[in-house]
Structure formats: C-alpha cells, structure tokens
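Visitor: okay, here's the prediction I keep looking at, along with the sequence it came from:
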Amino acid sequence: MTFSEFDRTLTANYARMPVEWVRGEGTSLFDTKGDEYLDFQTGLAVNALGHCHPGITKAITEQATQLSHVGNLFYNEPMVRLAQRLVEHSFGERVFFTNSGTEAVEAALKCARKRKRGGKIVSVHRGFHGRTYGSLSATPQEDKQAPFAPLVPGFVSVEPTVEALTAEIDDSTAAVIIEPVQGESGVWVIGDDVLNAAREACDTHGAALIFDEVQCGLGRTGKLWGYEYSGVVPDAMTLSKALGGGLPLGALVCGPETADVFAPGDHGSTFAGGPIQCAAANVVVDHVSDQKLLKAVTDNGERLREALAEFPQVSEVRGRGLMVAAELDGVSAPDLVKRLFSEQRLVANATGPTTLRLLPPLIVSTAEIDDAVGRIELALG
Ligand SMILES: Cc1ncc(COP(=O)(O)O)c(C=O)c1O
C-alpha cells in the first residue's frame, strides 16, 4: 500500500512524514526497508529512555501476564507505587492519573474551578496545553482555537511578563497555568522573575498556580522537574508524554492547596492509572530521577546548543537540557526537517516556519549528539 492509500482512511489532521516505522531500539528507528534513522524527535518528547528500553519492555510484558485492567473502583499495586514515587520526588501530596497530557490539564482546570467556583483561568501567550475544550481554551493560539469556537468561557491570556501577569491576576482568578519551558510553540524558557510574580500574585489572590510539565517534566530539562530551575513551587503540576514509557499515561500532581479538592464522583477516567502503563512508568521514574542521567542530559544539552549556535544559518538557540530549538535565518525549518529526514536520516521537527526543535532521548550519548550535529551541518549545506 502507498502512503496516499493510507491517507484515504485516515483523517487529514496530521501532516505525516512519508515513512512507516516498524521497529525502534534505543536512539534508532527502522523503516520497512530496514533503513536506520537517528531519532531526535522521540514521538514528541515521549521516548525518554529510547525505543524498547529493556526495563520498560520487561515491566510491560510481566505486568501483561498478571493483570491488565481493573478500573478505578479498585487499587492496583503499580498505580499506588507510582503515585507514591511522584509524591516523594515532588512537592505533591496526591496524584490523579489520566491517559494523556490534555486530560491532565482538564483535571487541573476542573480542580481549580471547583476550588474557586466560577473563577477565571489565566494562561500565557505561546502556551500550549492540549486540544480538548478546556485545555484548548487555555491555549491562546488563534489557528488552533478559531475553528472550534465557542470555547469554554472564563479564560484569558496575557504576555508572559511580570507586569501582564500581575495586572491580570485578581480575586476572581481560579488558576494560572504556565509551562515553565514552553514546548510546542518552539522552546521558550519562561523567566524566573515571571514564575515568581505568578506565584506571588496567586498567593495574594488565592488562585492555584498550575505548572504544565507535560513536555518539560521528567528530566527533559536536566532536572527532574522544569520548575526546579526557578525554585518556584506550584500548587499543581501536569505530566504525561515521557511518563508512560510509550504507553498512554498522564498525571495531575496536587500540592497541599489542591490535594483535597476532588471528592468521589467529581472526576474520573476508565483506563487511567492502569497497571500496565503504571508498571512502565515506575521504570521511567526510576531512571529519570537518577542524578547521573540528569547530569548527562544537562551536559549533552549544552553541547548540542553550543554546536548549533556555531552555524551561520542559526540566529538563536533556546532551551534547557535536551529540549532544544534553533531559530533559522534564511532557511525554512520544515524544508530542513524534510532534508534531515530524507538525506541524513535524522528525525527532528519544526515548530514553525523558522524553528527547528530537537528532542533526543534522554539516554542519547555524546557521540550521537555530535553525529546529529554533523548531519544538521550537511543538511544546512
Ligand atoms: C505542555 C503540554 N501540555 C499538554 C499537551 C497535550 O498532551 P497530549 O497530546 O498528550 O494530550 C502537550 C502536548 O504536546 C504539551 O506539550
């Protein structure tokens, strides 16, 4: 079958690359011809431990022979263990599990609205929080929102600046939601002063501060949580992407202000917190909380950013750890991504017309960073 034949039965909402992957191993992906590609996209920040990590594969297969689903009217050991781990490693007191990032954000928004009934939700420009109605309403991007109007009422967005946030947050604010490092819009690090100002204004006005760490959490930035750089602690944090080791899993981690908001019947999800995905996630959390791995993420990220900054076609490099964007001058990022893919067998992605985003697996070696830089140099020409 050809790709255009595949497209006949798939909705047209993804601009897919012309490739069908059949196997993954570590940092490599293999197509139907057996050709090997270096994966610096990781299914959009999911495969933190690379493809088919033996520990994850073992945990999934063992759990699949024991128990695959019971639902949330019961307990299961991998889920409880995972909740305890997330709490031990963060500011959190309690965890609500979901199947995706957008659902983790929905849970956070519902929690904040229940805590302060009817309250306004404040997000910031360039933010991305998901595609369902609540998270989309907190995603102030015209092209994503406009076709689906009307959105959920009571959402406003401001520039991610101290002045704008301080002016907008008031007694009617239920929550402020921010990605400490904005991913989807092209890897923008939010300043510590801005996060501090949001914290202060939320405290003054009794609003919940939510950090969306769906992309920047779980070691991606070189620290376990993106918020650790600023020292600003949120009231709730959303996770997903890397959490399930390739299986669908998300989480809302609730701190003291939000931990006791949900009561039985308030919110739920049939599959969330299932034993197989939580068994995989326990392996992920073990690895991404390891200081040696986090140091390697920091060092390799620095090396990658320094190398990218040397290219004359690169006008700016942004990011933390292995969450990296290069702003291109006079080069189309989507064209570069196509060339990297077809000529250099490097998988990357473009977040805009001039922005190349690189999200290698956290287990990437220094030699593979250098290899990728060499491939980018050749593709830039
Ligand atoms: C910061 C952030 N929040 C939420 C989401 C939505 O996650 P999902 O696609 O799993 O619904 C994403 C996805 O890219 C994200 O980057």
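Guide: Structure received.
Visitor: does residue 4 fall in a helix, a strand, or a coil region?
Guide: helix (DSSP: H, G, I helix; E, B strand; the rest coil).
Visitor: meant to ask about residue 231
Guide: Residue 231 - assigned by three-state DSSP - is coil.
Visitor: any idea how far the closest residue to the ligand within the stretch 51-200 of the chain lies from residue 37?
Guide: Going by CB to the nearest ligand atom, the ligand is nearest to residue 101 of the stretch 51-200 of the chain, at 2.2 Å. Backbone N, C-alpha and C define where each C-beta goes, glycine included. Distance of residue 101 to residue 37, computed by CB to CB, to the nearest Å: 25 Å.
Visitor: the more surrounded of these two?
Guide: residue 101 (29 against 20; other CB atoms under 10 Å).
Visitor: ok, the more buried one - contacts?
Guide: For residue 101, the contacting residues are 129-130, 135, 212, 214-215, 238-241, 250, by CB atoms under 8 Å, 6 or more residues apart in numbering.
Visitor: buried ones in stretch 324-342, by neighbour count?
Guide: 324-328, 331, 333-334, 336-337, 339-341 (16 or more other CB atoms under 10 Å).
Visitor: what about that stretch, near the ligand?
Guide: No. Stretch 324-342 lies out of reach of the ligand by CB under 6 Å from any ligand atom, never closer than 13.2 Å.
Visitor: give me the contact list for stretch 169-179.
Guide: Against stretch 169-179 from outside (CB under 8 Å, 6+ apart): 105, 108-109, 112-113, 115-116, 118-124, 127-129, 138, 160, 165, 190, 194-195, 198, 201-202, 204-216, 226.
Visitor: tell me the SS of residue 47?
Guide: Applying three-state DSSP to residue 47 yields a three-state assignment of coil.
Visitor: can you give me the strands for the stretch 1-150 of the chain?
Guide: For the stretch 1-150 of the chain, the strands defined by DSSP state E, counting those that start in this stretch cover 21-25, 28-31, 36-39, 94-98, 120-124.
Visitor: looking at those, which is closest to residue 273?
Guide: Of all these, it is strand 94-98 that lies closest to residue 273, at 3.4 Å by CB to CB.
Visitor: who does that closest one touch, helix- and strand-wise?
Guide: The contact analysis (3 or more CB pairs under 8 Å, 6 or more residues apart in numbering; DSSP states H and E) places strand 94-98 against helix 77-88, helix 101-115, strand 250-254.
Visitor: flag every residue of this protein that's near the ligand.
Guide: So far as CB under 6 Å from any ligand atom goes, the chain lies against the ligand at 44, 100-102, 105, 128-130, 179, 183-184, 212, 214-215, 240.
Visitor: can you do 8 Å?
Guide: Counting by CB under 8 Å from any ligand atom, the chain comes close to the ligand at 44-45, 100-105, 127-132, 135, 179, 182-184, 212-216, 238, 240-241, 248, 250.
Visitor: and the gap between residue 117 and residue 110?
Guide: 12 Å.
Visitor: who has more neighbours, the two?
Guide: Using other CB under 10 Å as the criterion, residue 117 and residue 110 rank with residue 110 on top: 17 against 7.
Visitor: hmm, the more buried one is touching residue 266, no?
Guide: Yes. Using CB atoms under 8 Å, residue 110 is in contact with residue 266, at 7.5 Å.
Visitor: next, the buried residues of whichever helix or strand residue 296 is part of.
Guide: Using DSSP states H and E, residue 296 sits in helix 291-309. Using 16+ other CB under 10 Å as the test for burial, helix 291-309 gives 293-294, 296-298, 300-302, 304-305, 307-308.
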